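Participant: sequence first, predicted model second:
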Amino acid sequence: MTDQTPALRLEGIVKTFPGVRALDGVSFTVMPGEVHALMGENGAGKSTLMKVLGGILAPNEGQIFIEEQPTIMSSPMNAKAKGVVFIHQELSLADELSVAENIWLGELPKKSFGRVDWTKLYDETDAILKTLNVGFDARKRVGDLSIANQQMVEIARALTVEPRAVIFDEPTASLTDAEKVVLFEVISDLQSRGVGVIYISHRMEEIFKITDRISVLRDGQYRGTLNTAETNEEEVTHLMIGRTLDLSRNAVTHEMGEVALEVRSLSCGDLFSDVSFTVRRGEVVGFYGLVGAGRTEIAETLFGLREPSSGTIHLGGEEVTINSPADAIKRGISLVPEDRKGQGLILGMNCRDNMTLPQVSDLTAGPFVSDGAEVAIFDQYRDKLDIRTPGWRQTVGNLSGGNQQKIVIGKWLSMRPEVLIVDEPTRGIDVGSKSEIHNLIRELASQGYAVIVISSEMPEVLHVSDRIVAMFSGRVMREFTAEEVTEDSLIQAISGIGADKVA
């Protein structure tokens, strides 16, 4: 195979579902040893195209070529046997099995009479894990691993074969910064071995750091391929959404009201300590810090999911005790969790029922739930939040990530909270929908909501926040106003620089 022979090529791929043409004649090529980004808004067709390549879906039209030889991917196992490995965004692991069993599932090494060769299984698995520099071994139960380490198990699966192409679908969504470094080293090693890497991500900084080319889909159609070194974020964004986004900071255009929430010297074991801050009506307070800084744990404590070890919480000037989410909801605190699919939604349920789930008991007509009342709530927030769905009967799992997030936000807004906490509001959401969520957060503040935004993305927290609380190792390091904060000062604060001058 010459350097000019593609590792794989898709030609004229068409995939339809009832009433939807998800892919409309899409062509895509990845060369040996290149990292090729595939980008597009949620619903653009990226995952569908990769599912066709990975043998999960059969195309209605079109052809797949491996090293210019036509082939049919009849199943994921068949695709893997042909050298195409798909590392999914959604984890697909068996919690009760060991790391080794998960990695080699369906391909366990055997001895005579069909017995599993456990020694070979564990030795080969540990050899793979060593290359990933992870802190667990082959015998570890997968269910006991963190989400980030489970993602590393998914990645380890790709290394059990000699792949021609590896597809990474949002691989860093659950990884720490240190684990991202390891992942990028794995990708670099795959490149050096002549493996083609397809990288799906909404994180522009990653795309421009590790990829060679960028291909863009929009509305199920191929829109073009750019050399990463010769383009910029603005050009890629315009190709993805057909318009230019305003990524500047939002200015405060409304009056802020009284203090809605005040936290005084709040601590929760070893997770965070002596945390104090306020949030006013009409204000967005951003929490920024590295993984493990304690941001999410603060939100969970305010929502009654964790019990504080000391400190007080005040709502509207009154000290309150919050022992459960029911207490928090009653007091007017709502939490949009960072894992919208695992914690915020029931994916197999329709849009209406997801949105009204917390208040079903209040929407009864006699012994039955009032369909009319539920539909009225859904219609109100579908219009208010511009949720794009054919109707309330649509299954939430079929919506794009941005529209799923709007369903979760609508669910809690319908409870009319005093304080809205939004944890990682745009994780796994494309750049166009991300802009809509940011505008929505600002609009909610202008309507008088007190909003807390927790984000791992500096541009996001800078863009939406009126004030920013910088955290490091469970402690508040500094508070910044939107006018005084700089990227350098924020990075210093979350890195613990000047920790002897804690706010």
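Facilitator: That came in fine, so what should we check first?

Participant: looks to me like residue 312 is in a strand.
Facilitator: Yes: in this structure, residue 312 lies within a strand as judged by DSSP: H, G, I helix; E, B strand; the rest coil.

Participant: who's in contact with it?
Facilitator: Residue 312 is in contact with 263-266, 319, counting by CB atoms under 8 Å, 6 or more residues apart in numbering. C-betas here are computed from N, CA, C, even on glycine.

Participant: next, format those as a markdown table and append distance to residue 347, secondary structure and neighbour count.
Facilitator: A markdown table is the format used below for the contacts of residue 312 (distance: CB to CB, whole Å; DSSP: H, G, I helix; E, B strand; the rest coil; neighbours: other CB atoms under 10 Å):
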| residue | distance to residue 347 | secondary structure | neighbour count |
| --- | --- | --- | --- |
| 263 | 33 | strand | 19 |
| 264 | 39 | strand | 15 |
| 265 | 39 | strand | 12 |
| 266 | 33 | strand | 20 |
| 319 | 38 | strand | 10 |
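
Participant: could you check how far residue 323 is from residue 306?
Facilitator: According to CB to CB, to the nearest Å, residue 323 stands 11 Å off from residue 306.

Participant: more neighbours: the two, which one.
Facilitator: Summary of the neighbour comparison: residue 323 and residue 306, criterion other CB atoms under 10 Å, with residue 306 having more neighbours (18 against 9).

Participant: how about the more buried one, phi and psi?
Facilitator: For residue 306, the backbone dihedrals are phi -130, psi 150 (criterion: degrees, to the nearest 10).

Participant: wait, it touches residue 266, no?
Facilitator: No: the pair formed by residue 306 and residue 266 falls short of the contact definition of CB atoms under 8 Å, at 10.5 Å.

Participant: and residue 354, helix, strand or coil?
Facilitator: Here residue 354 is recorded as helix under three-state DSSP.

Participant: does it touch residue 346 like I think?
Facilitator: Yes: using CB under 8 Å, residue 354 makes contact with residue 346 at a distance of 6.0 Å.

Participant: these two: who's more crowded?
Facilitator: When residue 354 is set against residue 346 and neighbours are counted by other CB under 10 Å, the residue ahead is residue 354, at 24 against 13.

Participant: got the contact list for that one?
Facilitator: Taking CB under 8 Å, 6+ apart as the definition of contact, the neighbours of residue 354 are 345-346, 396, 407-408, 411.

Participant: go with 7 Å
Facilitator: 345-346, 396, 407, 411 (CB atoms under 7 Å, 6 or more residues apart in numbering).

Participant: what sits closest to it if chain neighbours are left out?
Facilitator: By the measure of CB to CB, 6 or more residues apart in numbering, the closest residue to residue 354 outside its immediate chain neighbours is residue 396, 5.1 Å from it.

Participant: for the one you found, give its distance to residue 360.
Facilitator: When distance is defined by CB to CB, residue 396 is 16 Å away from residue 360.

Participant: ok, then the element right after the lowest-mean-pLDDT helix or strand in the chain?
Facilitator: Counting by mean pLDDT, DSSP states H and E, the weakest-scoring helix or strand in the chain turns out to be strand 364-365, with a mean of 72. Using DSSP states H and E, the helix or strand that follows strand 364-365 towards the C-terminus is strand 368-369.

Participant: sheet partners, orientation included, of that next one?
Facilitator: The sheet places strand 368-369 alongside strand 364-365 (antiparallel), with pairing taken from DSSP bridges.

Participant: neighbouring contacts of the strand it pairs with?
Facilitator: Outside strand 364-365, the residues within contact range by CB under 7 Å, 6+ apart are residue 370.

Participant: at 10 Å instead, please
Facilitator: The set of residues external to strand 364-365 that reach it, using CB atoms under 10 Å, 6 or more residues apart in numbering, is 370-373.

Participant: kindly indicate which of those residues lies nearest residue 29.
Facilitator: Sorting those by how near they are to residue 29, with CB to CB, puts residue 371 at the top with 50.2 Å.

Participant: count of residues packed around the closest one?
Facilitator: Taking other CB under 10 Å as the neighbour definition, residue 371 ends up with a count of 12.

Participant: surely it and residue 352 touch.
Facilitator: Yes: in this structure residue 371 lies within contact range of residue 352 using CB atoms under 10 Å: 8.5 Å.

Participant: anything in contact with each of these two?
Facilitator: Between them, residue 371 and residue 352 share these contacting residues under CB under 10 Å, 6+ apart: residue 392.

Participant: contact partners for residue 349?
Facilitator: Under the criterion of CB under 10 Å, 6+ apart, the contact list for residue 349 reads 355, 357, 395-397.

Participant: what touches both of residue 306 and residue 266?
Facilitator: Common neighbours of residue 306 and residue 266 (criterion: CB under 10 Å, 6+ apart): 272, 298.

Participant: show me the shaky parts of the protein.
Facilitator: Counting by pLDDT under 70, the chain contains low-confidence ranges at 1-3, 19, 42-43, 89-91, 174, 243-254, 291, 430, 497-503.

Participant: quick check: can you list the domain ranges of it?
Facilitator: 8-241, 257-332+419-432+448-503, 345-416 (automatic domain parsing).

Participant: of those domains, which is nearest residue 440?
Facilitator: The stretch from these with the least distance to residue 440 (CB to CB) is domain 345-416; that distance is 6.4 Å.

Participant: what's the distance between stretch 99-106 and the middle of its chain?
Facilitator: The chain centroid and the centroid of stretch 99-106 are separated by 25 Å, computed with CA atoms, centre = their mean, to the nearest Å.

Participant: in it, what counts as buried?
Facilitator: Neighbour counts using 16 or more other CB atoms under 10 Å place 99-104 of stretch 99-106 among the buried residues.

Participant: so which of those belong to helices?
Facilitator: Among these, the subset assigned to helices under DSSP state H consists of 99-103.

Participant: of these, closest to residue 385?
Facilitator: For these, with residue 385 as the reference and CB to CB as the criterion, the closest is residue 102, at 38.4 Å.

Participant: ok, the closest one - contacts?
Facilitator: Applying CB under 10 Å, 6+ apart, the residues near residue 102 are 92-96, 125, 138, 140-142, 145, 150, 153-154, 156-157.

Participant: and if you look at residue 69?
Facilitator: 8, 82.

Participant: beyond the strand or helix carrying residue 153, next helix or strand please.
Facilitator: Taking DSSP H and E as the criterion, residue 153 maps to helix 147-158. Once the chain leaves helix 147-158, the next helix or strand it forms, by DSSP H and E, is strand 165-169.
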